[in-house]
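Engineer: Quick one, what's the 3D model for this:
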Amino acid sequence: MTNRFKDFGGTVVDQSPLSFKIHGEEFQCRPAIQGKVLLNIVAGADESDGAAVARTINDFFEKTLLPESLDKFNALLNDPDKIVTVDTLGEITAWLVEEYSSRPTQQPEPSSSGQ
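Structural biologist: As a prediction, this is how the structure comes out:
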């Protein structure tokens with residue numbers, strides 16, 4: 001019998017709320033996201049093409065913000081009286097990436113059956 005098998009089971013993720021506030025409005029984010037989303041943001045941030053970086057960040061917000069908050073966030077970003085700078089968008093993105101990548105996760109206890 002070979003030991004070249006590992007069951008990764010399912011990951012138990014921190015389900016505590018994740019939110020941020022800007023211009024007095026609070027935005028709710030998903031408590032956890034797929035690892036692939038984080039990999040995409042890291043890969044996309046390394047692009048030399050500014051348009052590609054912008055698409056990556058827009059996609060990141062679409063994947064992290066809850067639908068109602070995404071609508072509200074997009075409305076804020078189009079409001080000519082409430083300016084959200086590129087630097088601020090970068091700070092929000094960096095904070096979310098840090099939160100998602102550092103949230104403790106636990107592997108479920110392996111079952112003794114089927115071994």
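Engineer: In the chain, which residue is most central in space?
Structural biologist: Centre of the chain computed as the mean C-alpha position; nearest residue by CA atoms, centre = their mean is T64, 4.6 Å away.
Engineer: Pretty sure W95 sits against S19.
Structural biologist: No: with contact defined as CB atoms under 8 Å, W95 does not count as touching S19 (11.1 Å). Every residue, glycine included, has its C-beta placed from N, CA and C.
Engineer: Just the helices from the chain, written as ranges.
Structural biologist: Ranges of helices in the chain, per DSSP state H, are 35-45, 50-64, 67-77, 86-102.
Engineer: Looking at these, spot the one closest to Q15.
Structural biologist: helix 86-102 (12.9 Å; CB to CB).
Engineer: Go through the closest one and flag the buried ones.
Structural biologist: Applying a neighbour-count criterion of 16 or more other CB atoms under 10 Å, one finds L89, I92, T93, L96, V97, E99, Y100 buried in helix 86-102.
Engineer: and if you look at stretch 22-41?
Structural biologist: When burial is assessed from 16+ other CB under 10 Å, stretch 22-41 yields the following buried residues: I22, F27, Q28, C29, R30, A32, I33, V37, L38, I41.
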